[in-house]
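Participant: The following comprises the amino acid sequence and a computationally predicted model.
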Amino acid sequence: MIAYFDTSAIIPLIIEEPSSPQCERLWNDSGRVLSVRLLHAEAGAALGRAERMGRINGHQLTSAVAQLESLLHYVDHVEVTKALVRAADGLAREHSLRGYDAVHLAAALSVSGDDLVLVTGDADLAAAAITLGLGVAVTD
């Protein structure tokens, strides 16, 4: 299985959440993990927000950022190109997605194959992906 992880599926690998066991299982069961290059910035922002919200402290943030860096070594990145951004623009409008979710969807569609599964905790992104024929694993 090739798994495309969006940010909502990466963060539970770093910060304990109800979906962490499922995300870990999907990560471990994957022969290859993909995501868009912007995952790095988006996940870093999510970790910073977790600290600001008091979910983690400053020491835990430092550790979480290190974990993110480590995980990213195992991710094959889909690069952000002009064509990808244009595709995301259309997907955002067509499926009422936020911009970064549309970028994830465009990236997953650019590498889709029979064994590709989009791993996400976002219901809108999952629904759009299913509509477009992608395999989806929704994390709870």
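Facilitator: Received, thanks.
Participant: Go through the helix or strand containing residue 130 and flag the buried ones.
Facilitator: Residue 130 belongs to helix 123-131 when assigned by DSSP states H and E. Using 16 or more other C-beta atoms under 10 Å as the test for burial, helix 123-131 gives 125, 126, 128, 129. In this view, the C-beta of every residue, glycine as well, is placed from N, C-alpha and C.
Participant: Spatially, which two of the residues you listed are the most separated?
Facilitator: Pairwise distances across the buried residues of helix 123-131 (C-beta to C-beta) peak at 7.4 Å, for the pair 126 and 128.
Participant: so is residue 16 in a helix, a strand, or just coil?
Facilitator: coil (DSSP: H, G, I helix; E, B strand; the rest coil).
Participant: Tell me how many other residues crowd it.
Facilitator: 11 (other C-beta atoms under 10 Å).
Participant: Kindly report the same for residue 107.
Facilitator: Count around residue 107 with other C-beta under 10 Å applied: 27.
Participant: Find the helix or strand that it is a member of.
Facilitator: helix 99-110.
Participant: Check residue 119 too.
Facilitator: strand 116-120.
Participant: and that strand, which strands flank it?
Facilitator: strand 2-5 (parallel), strand 135-138 (parallel) (DSSP bridges).
Participant: Can you tell me the centre-most residue of the protein?
Facilitator: By C-alpha atoms, centre = their mean, the chain has its centre lying nearest to residue 6, at 0.8 Å.
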